[in-house]
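Enquirer: sequence below, structure please.
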Amino acid sequence: MKKTLLVYMLLIAAFALYVFKYEQTGPLNGTWEEKGLRGSIGETYIMITFQSGLEYWKSTLKGFEDAGDALGVTVEYRGATRYDAQEQTTVIEQAIARNPAGIAISAIDPHSLVPAINKAVDAGIPVVLFDSEAPGSRAYSFLGTDNYKAGKIAADKMAELLGREGEVAVLTLPGQQNHEERTRGFRDTIERQYPAMKVVEVADGHADTLVSRNESIRLLKAHPKLAGIFATDATGGTGVGEAVLSQKSSHPPKIIAFDTNKATLDLIRGGTISATIAQGTWSMGYWSLQYLFHLHHHLTIPAPSPSDDNAPLPVRVDTGISVVTRKNVDDYYAK
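Expert: Residues are numbered from 1 along each chain as shown. As a prediction, the model looks like this:
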């Protein structure tokens with residue numbers, strides 16, 4: 001009796017082991033048509049950003065995680081703690097050493113991160129960029145906002161708010177490509193389409209609320225007729241709003257911000273900020289992982305090759321924007 005029980009226990013254990021192994025590797029043994037797009041828990045994809053504590057990254061990471069759940073793979077998040085290109089390079093190097101299935105990167109600098117990105121690709125690790133790109137790298141795709149177009153839309157909205165006339169300023173982050181494109185789109189549109197408007201200054205807010213607040217106060221004193229300020233980042237918009245509130249002017253400038261952190265949304269709801277440009281951040285994260293998964297499993301036609309002129313995936317993907325005002329601000333609070 002004991003021998004029979006032992007045999008049954010061994011059979012049950014063997015069956016359980018088989019089921020476990022099938023769950024881990026089964027989708028890769030059959031065709032994708034039979035199994036669906038499913039990876040394994042041991043398949044790890046890493047998202048890397050800069051200034052990892054920013055509220056801005058939450059929606060992007062949520063998209064990355066949602067794609068991970070849909071595909072049955074493991075996702076991890078890493079980021080430089082400061083606005084520092086060398087630190088982000090170190091984070092990328094550490095990720096490469098782990099040989100993940102793929103890496104999604106938001107590049108703090110369009111130039112200095114190129115060697116690290118190319119090193120990952122040379123090691124056979126698929127890389128896509130999101131939110132902020134590095135055009136000289138061999139990353140397969142960039143998924144993010146058409147930032148020049150976003151700047152243009154901000155200029156059109158500012159012109160609408162000001163009746164197409166008046167002095168305006170820009171608070172931005174020089175040296176980062178996405179912010180420079182937003183600034184350029186804004187300035188070009190004002191100069192070409194609104195002759196009664198003038199961009200009197202472009203200032204550096206250092207992507208910091210306190211610095212942006214102080215710079216905005218300086219701008220208001222330096223340009224007494226300033227009618228509007230466009231901030232190209234989320235923390236900058238909050239700083240501008242705080243500066244305007246502190247001045248208690250009877251004719252405060254119109255403010256257009258960027259992104260939808262809670263502080264910005266609260267200032268829109270209160271009427272201090274007139275509008276903000278919302279990016280498709282969830283889509284950036286979700287489709288970044290989907291792209292990496294397809295590259296890792298060679299599901300693209302043609303097959304992935306960084307030297308192939310016939311790209312296996314769209315090289316650039318515009319994840320879209322929308323304009324948030326007091327009328328629709330409630331729709332953008334985190335649910």
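Enquirer: where does the chain dip in pLDDT?
Expert: 1-35, 306-308 (pLDDT under 70).
Enquirer: list the contacts for the most centrally placed residue in it?
Expert: For the chain, the residue nearest the mean C-alpha position is D131 (3.5 Å; C-alpha atoms, centre = their mean). D131 sits next to 49, 60, 106, 144-145, 178, 279, 281, 284 when contact means C-beta atoms under 8 Å, 6 or more residues apart in numbering. Glycine gets a C-beta too; all of them are placed from N, C-alpha and C.
Enquirer: V75 too?
Expert: So V75 contacts 44-47, 64-65, 67-68, 289 (C-beta under 8 Å, 6+ apart).
Enquirer: A helix includes it, no?
Expert: No - the assignment for V75, made by DSSP: H, G, I helix; E, B strand; the rest coil, is strand rather than a helix.
Enquirer: under a three-state scheme, what state does Y286 occupy?
Expert: Assignment for Y286 (three-state DSSP): helix.
Enquirer: these two touch, right, it and G68?
Expert: No - Y286 is beyond contact range of G68, at 9.5 Å (criterion: C-beta atoms under 8 Å).
Enquirer: and E76, how many neighbours?
Expert: The tally of other residues near E76 (other C-beta atoms under 10 Å) stands at 15.
Enquirer: how near is the nearest residue to it once chain neighbours are set aside to V75?
Expert: Of all residues beyond its chain neighbours, the one nearest E76 is I46 (4.9 Å), with distances taken as C-beta to C-beta, 6 or more residues apart in numbering. Taking C-beta to C-beta, to the nearest Å as the measure, I46 falls 8 Å from V75.
Enquirer: please apply the same query to T189.
Expert: Counting by C-beta to C-beta, the gap from T189 to V75 is 38 Å.
Enquirer: with N214 instead?
Expert: In terms of C-beta to C-beta, N214 sits 38 Å off from V75.
Enquirer: can you give the domain ranges for the chain?
Expert: 37-145+281-319, 147-279 (automatic domain parsing).
Enquirer: measure the shortest one end to end?
Expert: With C-alpha to C-alpha, to the nearest Å as the measure, the first residue of domain 147-279 is 10 Å from its last.
Enquirer: and for stretch 116-128?
Expert: Across stretch 116-128, first to last residue, C-alpha to C-alpha, it's 13 Å.
Enquirer: how about stretch 318-333?
Expert: 23 Å.
Enquirer: chain center to it: distance?
Expert: In terms of C-alpha atoms, centre = their mean, to the nearest Å, the centre of stretch 318-333 is set 16 Å apart from its chain centre.
Enquirer: quick one, phi/psi of Y140?
Expert: Dihedral pair for Y140: phi -70, psi -40, per degrees, to the nearest 10.
Enquirer: and for it, the neighbour number?
Expert: 24.
Enquirer: mind checking how far it is from I48?
Expert: 15 Å.
Enquirer: all helices of the protein, in order?
Expert: 2-29, 32-35, 57-71, 85-97, 114-122, 147-162, 177-193, 209-222, 234-247, 262-269, 281-296 (DSSP state H).
Enquirer: just put the contacts of D131 in JSON lines and tack on neighbour count and distance to A334.
Expert: Listed next are these as JSON lines, based on neighbours: other C-beta atoms under 10 Å; distance: C-beta to C-beta, whole Å:
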{"residue": "T49", "neighbour count": "25", "distance to A334": "18"}
{"residue": "T60", "neighbour count": "28", "distance to A334": "13"}
{"residue": "S106", "neighbour count": "25", "distance to A334": "20"}
{"residue": "G144", "neighbour count": "25", "distance to A334": "21"}
{"residue": "T145", "neighbour count": "25", "distance to A334": "20"}
{"residue": "N178", "neighbour count": "23", "distance to A334": "23"}
{"residue": "Q279", "neighbour count": "25", "distance to A334": "15"}
{"residue": "T281", "neighbour count": "23", "distance to A334": "12"}
{"residue": "M284", "neighbour count": "29", "distance to A334": "17"}
